[in-house]
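# everything below, folded, please.
(chains A, B and C)
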Amino acid sequence: MSEEQDRINLANEISKHENDMNDYFLLIMAWFVLLMQFGFAFLEAGSVRAMNTVNIIWKNILDFFIGALVFWAVGFAFAFGDLPEDHPHASSNRFIGLKFFFDMGNPYEPERSGFAFWIFMFSFAVNAATIVSGSVAERSQIGAYIIYTTFITGFIFPVVAHWSWTETGWLRNPKIENFYRHDYSSNGTFFYDQNQPVQFIDFAGSAVVHCTGGVAGLIGAWFMGPRGGRFGKENEGLFFGHSVPLINLGFLFLFIGFLCFNGGSELAIVGPGNHGTTVAKIFVNTILGGSAGGIVSLAYNYLTLRWKRGYADISLYYLMNGALAGWVAIAAGSNSLTQAYSLLVGSLGALFMIFSKNLLEKFEIDDPLTASPIHLGGGLVGIFLTPIFKHDGLIAFDICPVQELEYIRKYPNGTDFRCDFFEWKVLGWNIAGTLAILVWTIALSGAVFWSLKKLKLLRVPASIEKYGLDKLKHGEDAYPLDSYFG
Amino acid sequence: MSEEQDRINLANEISKHENDMNDYFLLIMAWFVLLMQFGFAFLEAGSVRAMNTVNIIWKNILDFFIGALVFWAVGFAFAFGDLPEDHPHASSNRFIGLKFFFDMGNPYEPERSGFAFWIFMFSFAVNAATIVSGSVAERSQIGAYIIYTTFITGFIFPVVAHWSWTETGWLRNPKIENFYRHDYSSNGTFFYDQNQPVQFIDFAGSAVVHCTGGVAGLIGAWFMGPRGGRFGKENEGLFFGHSVPLINLGFLFLFIGFLCFNGGSELAIVGPGNHGTTVAKIFVNTILGGSAGGIVSLAYNYLTLRWKRGYADISLYYLMNGALAGWVAIAAGSNSLTQAYSLLVGSLGALFMIFSKNLLEKFEIDDPLTASPIHLGGGLVGIFLTPIFKHDGLIAFDICPVQELEYIRKYPNGTDFRCDFFEWKVLGWNIAGTLAILVWTIALSGAVFWSLKKLKLLRVPASIEKYGLDKLKHGEDAYPLDSYFG
Amino acid sequence: MSEEQDRINLANEISKHENDMNDYFLLIMAWFVLLMQFGFAFLEAGSVRAMNTVNIIWKNILDFFIGALVFWAVGFAFAFGDLPEDHPHASSNRFIGLKFFFDMGNPYEPERSGFAFWIFMFSFAVNAATIVSGSVAERSQIGAYIIYTTFITGFIFPVVAHWSWTETGWLRNPKIENFYRHDYSSNGTFFYDQNQPVQFIDFAGSAVVHCTGGVAGLIGAWFMGPRGGRFGKENEGLFFGHSVPLINLGFLFLFIGFLCFNGGSELAIVGPGNHGTTVAKIFVNTILGGSAGGIVSLAYNYLTLRWKRGYADISLYYLMNGALAGWVAIAAGSNSLTQAYSLLVGSLGALFMIFSKNLLEKFEIDDPLTASPIHLGGGLVGIFLTPIFKHDGLIAFDICPVQELEYIRKYPNGTDFRCDFFEWKVLGWNIAGTLAILVWTIALSGAVFWSLKKLKLLRVPASIEKYGLDKLKHGEDAYPLDSYFG
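Numbering: from 1, shown residues only, chains lettered A, B, ... in the order given. Next up is the predicted model:
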């Protein structure tokens, strides 16, 4: 009896360790994703003109603080107010969560701390919101900024997260019978995992975070209009950022953040399954995807320039932005792609970023940080390609002749082979889900930006834009001349 | 027999894991608190004029290196030379520790590594010392700086830590019989934890670290006198820091550090109790407290300015310093406050920081980094409000009519209710302890600064102050013009 | 039966936890060592003239990306293609590994994830490669840089790592019978660990990483020749770095990195042995060694200058570089030195760095970052002194009269004492191994640099050097004037 009890005690102790260690893991990961906020701050600060440096840093710090209060008050509730289905408190709300406002009684994953999960998801929410600050830099009103950042962190992103990442969300759990793979085990279709449902596959937020933030930024930049004098031949080259080291510093924190953004999405490091190996694999894939993205973007820019005009610059800008797009693209499948396909997905993310950037410039939409090409462009590549290339994806399993061969090998006398288009359906569902996310975000952020524009609250007057927001709005200079040559 | 042995082996293995994991946890936390040293360096570098940049960075690096040697040689011994009372080596010295000089045989928490604990406490000690470097920036002699930083890290702070954070310390363990809550269990005072002693409550150093460092900085700034031309109408605006991005960079590392400063004070992540949950809760409280502090400080400054003169700046300075004060204030109760009270304590810390700053300026005490308003001001708010607002504090339990109602509910026939002023005593003891810490620090740091002033070692000559310490003391320019336009 | 099974399950679960936790530990450590890449980037950016800032940042980012692809494709295979001897797949190749190209099937440490180990070792490889970028800064061709960084990351470093850090490597496992300590247990030589072989002792890469990178940098700087106008009286002082805060920022990330570089080399945090304590001890030793190095370097420079010319600068440059050399020197013995000897080794590393730097300047070899004095100089001190000073090293055990006394104490009637020169042999083997590493690296990197020079690919034309690589090669200015005063 006592021996039995001893064993049970030991097992409980081990299980308690698991929870504590997973809290520890998630906290550290969350904590590095929070650094991305500062990564965006420095990247944006270096990429604007010196006279708007205080403004952009101020925005990035403030949206973190506001985000904390808003996500604590309502955002987390909208996103994760529903519990796993077998939980007694679970509701069946498939569109939005409605529990745990003000984090009250947040019991998410009851055996573990809801606090760590809250911080991790908060870090994702501010991430989505802050992407926008880059797209509308150097010209947006401060009041407008506060309003839409509140809206994105507190409502637009949380609802998308609810759809995609909770057990009751309609994207994650379609509950449509024939979406499930049927069991033809005795003499039918070849199958590999008979009960796996079709569901939206976005492991670390290529769509949920990056497309959401990126498309909101695009809408913002479009409503805002370009900075004065940005387009037109005579102004070319007038809009360089004021400090490459600051840009690189921001890039560093984003690199740190992306590894933990993707790795932390595993949510655990010990326990059933192979969390340790998976997290390590995600790190490797993220490193490879970003490296490929950076190199491909650099080379593409170099070669096309050289081909067009005979000589070419070796661009640091393209090297860094290519890597960023690669990291964004790899997020959705960082746990399920092989290393070779990680290289491919990262590279395609970078190329599509360049394509999107050129498109933006053609339409004279001014995104000072290239934020929407990176996050929306890279995100779309990731969310669409992951179902195709992942290790158990379309290419690996769902080519019908391959299935048929496998079927024949297994049932030499079988005659009723029917091709299973399971992974095609997964791809279709990923496309449908992404479209839903885009429509939702465009509609809501569009409404916000449109209202602000109508109320004349969206953009600063041209005079302020000309002399910079730092002096005229903040009364603080980033580099006061007196302090250098006083 | 062998089965019994197997179980014991497993239990030992689990317990060994606990120790290793807690070492791992404490190392990572310590290691991020060490980054605060660089946070201070960048915050201070950005906040001084360009001609003193090398000097302030040099100071912040050197006090780290000197601090390591001094805290290794004597500081740790003074602070933690005593062991838990039931330990055979424990002494009963209540004022100062006197073992483990040169870290020899440091067996703190015998089952765990004393090394990790040493690093964590070292990170606190240099923190206290480096706060002062901000208060006396741009004018202190280098020799003077070395002397007082040695003194703070090696003696002033360690003794305060001994009082407050060791089992034998007189603040932590008053050993005064009637300070204990008595047991009226049969028919008397309502009680909730009958054996809990009154003790000094400062979970993560609002008083021990921040008030100590802040008041030493205040004394230093007072003895040092203001920078030449700092006060007087004609100089207003002449003393801006030279780089807002550097300030923000410092702020980032302080943010990183504060989370781990508070979270790491739990000292463990696995084992009996709910360390994982507690650490995560501390992170949440710290984030909320700082966010509230920043927003309240920003809004207060904006509204008062607007009310006074009709228009107002939207200040990045107040946003960042409010958050810093909020983090300082939340330290003492970060493990014991609810989220709502964290918001309140952070906000009050920020407001009191502004009040202290205005007071300093009124008395023409020149603290270039606002270091003492943040650390002393914020620290006082935290240490005084925690006993009032914590989840088992004065408001929750010690309102006598509430106690009486509870008593009557529990003992319907009881007649001898006597109000228990336990939490009032805790509050009183926290106030008394803080006064003791302030008196100690003022006396000792005052003596050091006074002696240095008498010996003419405290302040650089006016000519050096005018042209900057970088060129004249270090022979190194932070931004040599030749390297830009060579 | 079921009880037995329960126990086995528990034991398995514990062992699985160990693997997951060690993965977690190694990932975090690796991840901070990767930050050193950015540390080098900022240190180098601040140390060059403003007109080469983009170039040096570009190089440091690109060699990270290229390094990831190359180390994934071939580097890891060359280094760790062999498995422990008792592993069925082990080969007996003592010079180079030849398995796991493209990371395929990488099963290193079969029970743990090979991914985490790959990232950790990748971080070491790029470290070795990037050291060179400092030595050849401000004048090397971009194409040349890509070629030799590929070569170092993909071949030169991996082979050295194979020799020194794998079970089959010839340095780690000499397989020369009489190198082993013999057993004179009954009445012979005093011994303390009879079966310990003589082997190359370089715990965290003083030789494997730092000497390899440092000597390659030296060769590069020598082939490259000094920057135009660097030597000669009239130019003194013309080559200051353009931003001390950037240098300090780089220093910070290198500090972060060094702690984890050394601590992570333990490779595990839980499991048999005392990993937690050891890692914490390594952190303490690293902090102490760097602190001593910084202070000694500062003091030496101050005192010699003062003695030579009557007044002296208080140099931030010497403070930081002394600490860096101290960290490099402490690497080899960070797990086996006492704290006092850590102080000594760090100090001697710093002094030898200064000596090497002066030597370089005498020979007019231009190393803009002092990279080879720090890494080669500091590394040599570490690799040579560790066998002497480590806690079971030459001084502790191998002084023959001491051995004899011990022998007589143990065998009062023994008459045939023969001194055991075991630790002398270890020292000799460390020297021999270091020479082998130097010869290998000099030969190969020399061949690469020589070929590039012959092909006129090594150095940019003087005109480009004069106006900076940023404008003329990258078309991107680090600080475009238009963005400040537009």
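# residue contacts, A:Ile314?
By Cβ atoms under 8 Å, 6 or more residues apart in numbering or on different chains, A:Ile314 lies in contact with A:Leu298, A:Tyr302, C:Trp58, C:Ile142, C:Lys473, C:His474, C:Gly475. All C-beta atoms are positioned from the backbone trio N, CA, C, and that covers glycine.
# mind checking which of the residues you listed land in helices?
A:Leu298, A:Tyr302, C:Trp58, C:Ile142 (DSSP state H).
# among these, who's most crowded?
C:Trp58 (27 neighbours; other Cβ atoms under 10 Å in any protein chain shown).
# now the residue of the stretch 251-400 of chain A at minimum distance from chain B, nearest residue through space, not along the chain?
Nearest residue of the stretch 251-400 of chain A to chain B (Cβ to the nearest Cβ) works out as A:Phe253 at 8.1 Å. Nearest non-adjacent residue to A:Phe253, counting by Cβ to Cβ, 6 or more residues apart in numbering or on different chains: A:Gly39, 3.1 Å away.
# now, which of the ones in helices among the contacts of A:Ile314 sits nearest B:Val284?
C:Trp58 (40.1 Å; Cβ to Cβ).
# pull the number of nearby residues for the closest residue to the closest one other than its chain neighbours.
Distances taken as Cβ to Cβ, 6+ apart place A:Leu316 nearest to C:Trp58, at 4.5 Å, with adjacent residues excluded. For A:Leu316, the tally of surrounding residues (other Cβ under 10 Å) stands at 26.
# closest to A:Val426 among the ones in helices among the contacts of A:Ile314?
When those are compared for distance to A:Val426 (Cβ to Cβ), A:Leu298 comes out closest, at 33.3 Å.
# my guess is that closest one contacts A:Tyr318, does it?
Yes - judged on Cβ atoms under 8 Å, A:Leu298 makes contact with A:Tyr318 at a distance of 5.1 Å.
# in stretch A:239-249, what's buried?
Using 16 or more other Cβ atoms under 10 Å in any protein chain shown as the test for burial, stretch A:239-249 gives A:Phe239, A:Phe240, A:Gly241, A:His242, A:Ser243, A:Val244, A:Pro245, A:Leu246, A:Ile247, A:Asn248, A:Leu249.
# picking up where we left off before, distance of the residue nearest to C:Trp58 relative to A:Ile247?
8 Å (Cβ to Cβ, to the nearest Å).
# same check, this time on A:Gln403
49 Å.
# check A:His210 too.
Distance from A:His210 to A:Ile247, by Cβ to Cβ: 20 Å.
# ditto for A:Phe65
24 Å.
# could you do A:Ala447 as well?
For A:Ala447, the distance to A:Ile247 - Cβ to Cβ - is 33 Å.
# same deal with A:Pro368?
12 Å.
# quickly list what's touching both of the two.
A:Ser47.
# my guess is A:Gly134 meets A:Phe42, correct?
No - look at A:Gly134 against A:Phe42 with Cβ under 8 Å: they stay out of range, at 11.6 Å.
# any low-confidence regions in chain A?
For chain A, the stretches with pLDDT under 70 are A:1, A:83-92, A:105, A:107-113, A:176-196, A:233-238, A:398, A:414-418, A:420, A:486.
# the top helix by length along it vs helix C:2-47, what angle?
If you go by DSSP H, chain A has its longest helix at helix A:2-47. Helix A:2-47 runs at 20 degrees relative to helix C:2-47, counting by axes from the mean of the first three to the mean of the last three Cα atoms, to 10 degrees.
# which strands and helices sit next to helix A:2-47?
For helix A:2-47, the packing partners by 3 or more Cβ pairs under 8 Å, 6 or more residues apart in numbering or on different chains; DSSP states H and E come out as helix A:53-70, helix A:114-135, helix A:244-264, helix B:2-47, helix B:244-264, helix B:275-309, helix C:2-47.
# need the ones you listed in TSV with distance to C:Phe122, can you?
Shown next, in TSV, are the helices and strands packed on helix A:2-47 (distance: least, Cβ to Cβ, whole Å):
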stretch	distance to C:Phe122
helix A:53-70	31
helix A:114-135	26
helix A:244-264	13
helix B:2-47	21
helix B:244-264	25
helix B:275-309	30
helix C:2-47	8
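# could you say which one of those comes nearest to B:Ala340?
Closest among those, once you apply Cβ to Cβ, is helix B:275-309, at 8.8 Å.
# tell me the contacts of A:Ile287?
A:Leu259, C:Ala68, C:Ile119, C:Phe122.
# now do the end-to-end distance for stretch A:459-472.
14 Å (Cα to Cα, to the nearest Å).
# the closest residue to A:Met353 other than its chain neighbours - how many residues pack around it?
Spatial nearest neighbour of A:Met353, chain neighbours left out: A:Ala325 (3.6 Å); criterion: Cβ to Cβ, 6+ apart. A:Ala325 sits with 37 neighbouring residues when counted by other Cβ under 10 Å.
# ditto for A:Val54
Neighbour number of A:Val54 under other Cβ under 10 Å is 29.
# please apply the same query to the one 10 residues further on.
Here the count is done by other Cβ under 10 Å, and A:Phe64 has 27 residues near it.
# in contact with it, which residues?
Taking Cβ under 8 Å, 6+ apart, one finds A:Leu34, A:Gln37, A:Val126, A:Thr130, B:Ser291 in contact with A:Phe64.
# redo that, cut-off 6 Å
Contacts of A:Phe64 were listed using Cβ atoms under 6 Å, 6 or more residues apart in numbering or on different chains, and they are A:Gln37, A:Val126.
# for chain A, which residues are neighbours of chain C?
For chain A, the residues in contact with chain C (Cβ under 6 Å from any Cβ of the partner chain) are A:7, A:10, A:14, A:49-50, A:238, A:240, A:242-245, A:248, A:252, A:269-270, A:275-277, A:280-281, A:283-284, A:287, A:291, A:294-295, A:313-314, A:316, A:319, A:339.
# those residues, buried ones only, as a ChimeraX selection?
Selection of buried members from the residues of chain A next to chain C for ChimeraX, criterion 16+ other Cβ under 10 Å:
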select /A:7,10,14,49,50,240,242,243,244,245,248,252,269,270,275,276,277,280,281,283,284,287,291,294,295,313,314,316,319,339
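# what helices and strands are in contact with the helix or strand where A:Ser347 lies?
Using DSSP states H and E, A:Ser347 falls within helix A:339-362. If contacts are counted by 3 or more Cβ pairs under 6 Å, 6 or more residues apart in numbering or on different chains; DSSP states H and E, helix A:339-362 sits against helix A:275-309, helix A:316-331, helix A:378-389.
# pick the most deeply packed of these.
helix A:316-331 (a mean of 31; mean count of other Cβ atoms under 10 Å in any protein chain shown).
# can I get that helix as CSV, trimmed to CA atoms?
Below are the C-alpha coordinates for helix A:316-331, written out as CSV (Å, rounded to 0.1, in the frame of the first residue of the first chain):
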residue,chain,number,x,y,z
LEU,A,316,22.5,45.2,-46.8
TYR,A,317,18.9,46.2,-47.1
TYR,A,318,18.0,43.2,-49.2
LEU,A,319,20.1,40.9,-47.1
MET,A,320,18.2,41.8,-44.0
ASN,A,321,14.7,42.1,-45.4
GLY,A,322,15.1,38.8,-47.2
ALA,A,323,16.0,37.1,-44.0
LEU,A,324,13.0,38.6,-42.3
ALA,A,325,10.7,37.4,-45.0
GLY,A,326,12.3,34.0,-44.7
TRP,A,327,11.6,33.8,-41.0
VAL,A,328,8.0,34.9,-41.5
ALA,A,329,7.5,32.3,-44.2
ILE,A,330,9.0,29.5,-42.3
ALA,A,331,6.8,30.1,-39.2
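# that one to helix A:2-47, inter-axis angle?
Computed by the same axes, to 10 degrees, the angle between helix A:316-331 and helix A:2-47 is 150 degrees.
# now what about helix A:316-331, what contacts it?
The contact list for helix A:316-331 (Cβ under 6 Å, 6+ apart) reads A:204-206, A:210, A:251, A:258, A:262, A:285-286, A:289-290, A:293-294, A:297-298, A:301, A:342, A:345-346, A:349-350, A:353, A:370, A:374-375, A:378-379, A:381-382, C:54, C:58, C:61, C:476.
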